[in-house]
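Student: Pasting a predicted model and its sequence here:
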Amino acid sequence: MIYLFEFIQRWLGSLSGVIITFAGFLFCALAVAGYWHRRVSLPALLWWLCCGLVVALYPVFGNYYTRILPANMFIPSTIFIGLFFVAVSLIVLSKGNNRIQDDLVSTAVARGSLLVNETPRNIRGTSLGAPLVIFLGVLAVFLTGISAPQVMVGDEVTHYYMLTHQADDLTKPNFFAEIPVVNGDTETRRYPHSFVWHYIGALLYHFTGGSFLAIQAYQAFFFFQLLTAAFLLARDRQGVESRSALAYVLVLASLPLCLIFSVTFYQDVPLTAQVVTGFFLLRRGRWLLASLFMSLAIGLKVTAVLFFPSFFFMVLYWQSRRSGLQKGLGACLCTMLVVLGCTWGIGRVIVFYGHSEFYPQAQMERLLKKTQEILMSHIPVVSEKIGIAALNTNLSARPTISQKIQETMPEIIANHPGDLRVKENYLVYGGIIIWLIVLFGLMGKIFYRLSPTCMIAYREKSYWLYLVGGSFTLLTAWYIRTSPDARFFLPGLPFLLLPLIEKVVCLPKPKVFIALLAALAFLQGSYVLQETYKLRGLSPELQEGIRYLQVHPPKGNNIFMYPEGNYRFFPARHEWYLGYRLRDFWRAENDKRIEILHRFGIGAVVVKKHLIASVDEEITNLGVYPVKFVDDLRHDSRFINSFENDDLIIFTVPGAPDAEK
């Protein structure tokens, strides 16, 4: 619990502020629910929405209010505004339906709302609510992206400039990103991986005259596809009748992994959208169309291959149940030809144009080679001496190859901002809602089995959702066990969350839960988009530090700095990993650190304050400046604090040599 409070304080601000904002959103959600169930009149709804938004957005209104108002008028004006809201509230309440004026007080006390009409509506709220959430979610993602129209977050820099470079020549696939740097140079990066996202985006970029807005809309489209396919999948499983489809869309639309990587140019959300669409079509019996979406998925990101085992199995199982085993085998064979054929074709293109191996093919070749080696190791060795045909089964008699003793090289290390070995990343990238769904979903499963009062009887079992999502998650965890990055697990989450959400709505008071979920989703989503917007931008303080380095360039023009996407705007070359000895650098004393910095010709250390954090003994998180390191530099008179503001500290390295030519 203490860890949760510390997380809120660091990432969201004061706990009291978060609670107030959540209360405002919850008030809005309850007002809408009351109006939908004809318990609140339209004028009352509009007024309560206004009040709720004022409470939820109190920091914005508060800051503006304090800036325009003299200090000696703050308390009197606050009292006046409070009385004004009370007076208008009473007027709105008095304008209620005359037919229920007599029992207005008793209704408000007993039910906490105004009963206008108990006649149920002909359309379910989920049928309108879910599309509205999809529209608002996609719009928010798109507006956030175009409000900060520059690539800045990690590998999106590589992906975007690979896309724009592809637009220069559409006759063949491109695997190079030409990244402009502030000093006029161009940094070239090679990315020989799945390229379909880049190529389709390049077509759009080419025919829109190089429009960044078009690419942002292109990325937002995949978020729309994911939410729409998820809604349709949940709807087919009685998600409208049980309200689980609305809850499902709310969870996915507010999931930090979805929001962050729908604004930034990563392929994880596009991949997830194709996979969810593919399994939705497959469940409906459209196995050929589903195989095309799975083929597109592997063209977007190579990790789609981890869905292949469950996909082919479900094709065989479902088609065999529908049409018999023979037709099921035929359908499975056809989907394998389509999907594996497209995978092979993509691999050949990468090998030919990218001059690199394609992971699925390379793994298969390694597997075949390893199998061959195992078989060969059991074949007897025959002596080749002239005149001797003796059989030698002693493997130790085989000639040995002399081994050269080489110096042990340092372990190749890299920082992954979503590294799940860092505990706080479970909240940063998962949010709070997903863990509440897991908790209440398990409670709902127990309640669903034990309680005779649960009115929801799902026609379809959930085994296949757990199979698809679970197999992908386990395979992913195995393959990236040495550096478990959160975003790689995103494609499996929609399959694991849906059956849990379907059991959550079995608990008592599902309407109240949906209102709470909606308020929390708006709160979580707004904070995530706000932080994503900040990551995409250059703050005034950051620009001030950049201008300082332009006027006072470090000796050797090299700086030690964490390489976020904004490194391109710094007028100096940056270094971070120090020849893959960054952990040694953190553990060393300042004398040794100075020696290492001199070795790389570094004249200044640029510390980004938002990345100063505590680290464990293993220094798992390589994306922060350890607190001890910053303190050591502050207390060492040899390191001159030459510049500091709210975002940056720039230390001059003592006796920095010129960079090696």
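Tutor: That came in fine, so what should we check first? Numbering: from 1, shown residues only.

Student: how close does the one residue sitting closest to the centre of the chain get to Phe570?
Tutor: Nearest to the mean C-alpha position of the chain, counting by Cα atoms, centre = their mean, stands Leu257 at 2.1 Å. Distance check for Leu257 against Phe570: by Cβ to Cβ, to the nearest Å, it reads 29 Å. The C-beta positions use only the backbone N, C-alpha and C, and glycine is treated the same way.

Student: same check, this time on Ala613
Tutor: Distance from Ala613 to Phe570, by Cβ to Cβ: 21 Å.

Student: So if I had to pick from those two, which one is more boxed in?
Tutor: More crowded of Ala613 and Phe570, by other Cβ atoms under 10 Å: Phe570, with 20 against 15.

Student: in the stretch 451-600 of the chain, which spans are strands?
Tutor: For the stretch 451-600 of the chain, the strands defined by DSSP state E, counting those that start in this stretch cover 558-560, 573-575.

Student: Then the stretch 251-400 of the chain?
Tutor: Under DSSP E, counting those that start in this stretch, the stretch 251-400 of the chain gives strands at 381-382, 391-392.

Student: where among those strands is the average confidence lowest?
Tutor: Mean pLDDT is lowest for strand 391-392 among the strands of the stretch 251-400 of the chain, at a mean of 42.

Student: So which bits of the next helix or strand after that strand are buried?
Tutor: Downstream of strand 391-392, the next assigned helix or strand under DSSP states H and E is helix 425-428. Using 16 or more other Cβ atoms under 10 Å as the test for burial, helix 425-428 gives Asn425, Leu427, Val428.

Student: any low-confidence regions in the stretch 351-500 of the chain?
Tutor: By pLDDT under 70, the low-scoring segments of the stretch 351-500 of the chain are 359, 361-368, 371-415, 451-459.

Student: how much distance is there from stretch 567-587 to the middle of the chain?
Tutor: Computed by Cα atoms, centre = their mean, to the nearest Å, the chain-centroid distance of stretch 567-587 equals 25 Å.

Student: dump the residue contacts of Gly418.
Tutor: Asn425, Val428, Tyr429, Asp485, Ala486, Arg487 (Cβ atoms under 8 Å, 6 or more residues apart in numbering).

Student: how about those in TSV, adding distance to Leu26?
Tutor: TSV is the format used below for these (distance: Cβ to Cβ, whole Å):
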residue	distance to Leu26
Asn425	27
Val428	23
Tyr429	24
Asp485	33
Ala486	28
Arg487	30
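
Student: Check these and tell me the two furthest apart.
Tutor: The distance between the two most remote of the contacts of Gly418 (Cβ to Cβ) is 12.2 Å, for Val428 and Asp485.

Student: how many other residues sit next to Val512?
Tutor: 13.

Student: how near is the residue nearest to the centre of the chain to Val305?
Tutor: 20 Å.

Student: Leu496 too?
Tutor: For Leu496 relative to Val305 (Cβ to Cβ), the value is 19 Å.

Student: Same check on Gln225?
Tutor: 21 Å.

Student: what does Tyr466 give?
Tutor: 20 Å.

Student: Equivalent analysis for Gly184, please.
Tutor: Gly184 is 41 Å from Val305, by Cβ to Cβ.

Student: just Ala167 next, same as before
Tutor: In terms of Cβ to Cβ, Ala167 sits 28 Å off from Val305.

Student: dump the residue contacts of Ile346.
Tutor: Ser194, Phe195, Val196, Ile298, Gly299, Phe358.

Student: Narrow these to just the buried residues.
Tutor: Ser194, Phe195, Val196, Ile298, Gly299, Phe358.

Student: Just flag the most distant two among the residues you listed.
Tutor: Among the buried ones among the contacts of Ile346, Val196 and Phe358 lie farthest apart (Cβ to Cβ), at 13.1 Å.

Student: now what about stretch 461-470, what contacts it?
Tutor: 279, 283, 307, 310-311, 313-314, 492-496, 498-499, 502.

Student: Go again with 7 Å.
Tutor: Phe279, Ser310, Met314, Gly492, Phe495, Leu496, Leu498, Pro499 (Cβ atoms under 7 Å, 6 or more residues apart in numbering).

Student: Of the residues you listed, which belong to helices?
Tutor: Phe279, Ser310, Met314, Phe495, Leu496, Leu498, Pro499 (DSSP state H).

Student: Which one of those residues is nearest to Thr343?
Tutor: Nearest to Thr343 among the ones in helices among the contacts of stretch 461-470, with distances taken as Cβ to Cβ, is Ser310, at 15.7 Å.

Student: In this structure that closest one contacts Ser471, no?
Tutor: Yes - when contacts are counted by Cβ atoms under 7 Å, Ser310 is listed as touching Ser471 (4.9 Å).

Student: Not counting residues beside it along the chain, what's closest to Val422?
Tutor: Leaving out its chain neighbours, the residue that sits closest to Val422 by Cβ to Cβ, 6 or more residues apart in numbering is Asn621, at 4.8 Å.

Student: and the end-to-end length of stretch 621-634?
Tutor: With Cα to Cα, to the nearest Å as the measure, the ends of stretch 621-634 fall 22 Å from one another.

Student: which parts of that stretch are buried?
Tutor: In stretch 621-634, counting by 16+ other Cβ under 10 Å, buried: Asn621, Leu622, Gly623, Val624, Tyr625, Pro626, Phe629, Val630, Leu633.

Student: Make sure the last one is indeed in a helix.
Tutor: Yes - looking at Leu633 with DSSP: H, G, I helix; E, B strand; the rest coil, it is inside a helix.

Student: count of neighbours near the nearest residue to it once chain neighbours are set aside?
Tutor: In space, and not counting its chain neighbours, Leu633 is closest to Phe639: 4.6 Å by Cβ to Cβ, 6+ apart. Neighbours of Phe639 under the rule other Cβ under 10 Å: 21.

Student: What distance do you get for Phe639 to Arg190?
Tutor: In terms of Cβ to Cβ, Phe639 sits 36 Å off from Arg190.

Student: got it, and Val630?
Tutor: 34 Å.

Student: ok, back up a step: out of the contacts of Gly418, which one sits closest to Arg599?
Tutor: Looking across those and measuring by Cβ to Cβ, the closest to Arg599 is Asp485, at 30.1 Å.
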